[in-house]
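1. A structural model of the following input is requested.
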Amino acid sequence: MSSRRLGTCSWCGREIGESEIGRRRRYCRQSCRQRAYEHRNSVKGTGIPEDAVVLSAQEVADLSDRWFAARCAAEDVATAVAEGADATELKELTATLVALARDAERLR
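-> Numbers count the residues shown, from 1 in each chain. Presented below is the predicted three-dimensional model:
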């Protein structure tokens with residue numbers, strides 16, 4: 001019986017299930033592994049560290065939008081608490097907040 005622990009993909013940030021045995025997986029899919037390899041090779045000799053995260057302007061805008069949505073959801077939770085919302089409403093709002101925060105963790 002192997003127990004499972006969750007990690008995140010070093011390229012896209014998605015959750016990856018891991019077993020306790022063997023080396024820890026760094027990528028969720030072969031395509032993420034390939035993109036990371038291409039990135040490492042593209043920064044060789046440029047002075048940019050291999051582990052640097054280089055995002056396009058669109059990726060930065062998308063990331064900013066995801067964090068904005070998560071912040072708005074957090075504000076909704078705070079407002080609901082201040083207004084004495086019932087447990088059902090708070091449960092729904094916090095579930096939305098958690099989903100948006102998970103989405104915001106992705107860099108790409």
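2. Just the helices from the chain, written as ranges.
-> For the chain, the helices defined by DSSP state H cover 30-43, 57-82, 87-105.
3. Distance to residue 50, mean pLDDT and mean neighbour count added to those helices, as TSV?
-> All C-beta spots, glycine's among them, are computed from the backbone N, C-alpha and C. Listed next are the helices of the chain as TSV, based on distance: least, C-beta to C-beta, whole Å; pLDDT from 0 to 100; neighbours: other C-beta atoms under 10 Å:
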stretch	distance to residue 50	mean pLDDT	mean neighbour count
helix 30-43	5	88	13
helix 57-82	19	95	13
helix 87-105	22	94	14
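4. For residue 15, which of those is the nearest?
-> Within those, the stretch nearest residue 15 is helix 87-105; the backing value is 7.9 Å (C-beta to C-beta).
5. Which residues does that closest one contact?
-> Contacts to helix 87-105, defined as C-beta atoms under 8 Å, 6 or more residues apart in numbering, come from residues 8, 13, 15, 63, 66-67, 69-70, 73-74, 76-77, 80-81, 85.
6. Please list the outside residues in contact with stretch 43-62.
-> Outside stretch 43-62, the residues within contact range by C-beta under 8 Å, 6+ apart are 39, 40, 63, 107, 108.
7. Quick check: the farthest pair among those residues?
-> Farthest apart among the contacts of stretch 43-62 by C-beta to C-beta are 40 and 63. That separation is 21.1 Å.
8. Spatially nearest residue to residue 27, not counting backbone neighbours?
-> residue 33 (4.2 Å; C-beta to C-beta, 6 or more residues apart in numbering).
9. How about residue 9?
-> Of all residues not flanking residue 9 in the chain, residue 28 sits nearest, at 4.0 Å (C-beta to C-beta, 6+ apart).
10. Residue 66 contacts residue 106, doesn't it?
-> Yes: using C-beta atoms under 8 Å, residue 66 makes contact with residue 106 at a distance of 7.3 Å.
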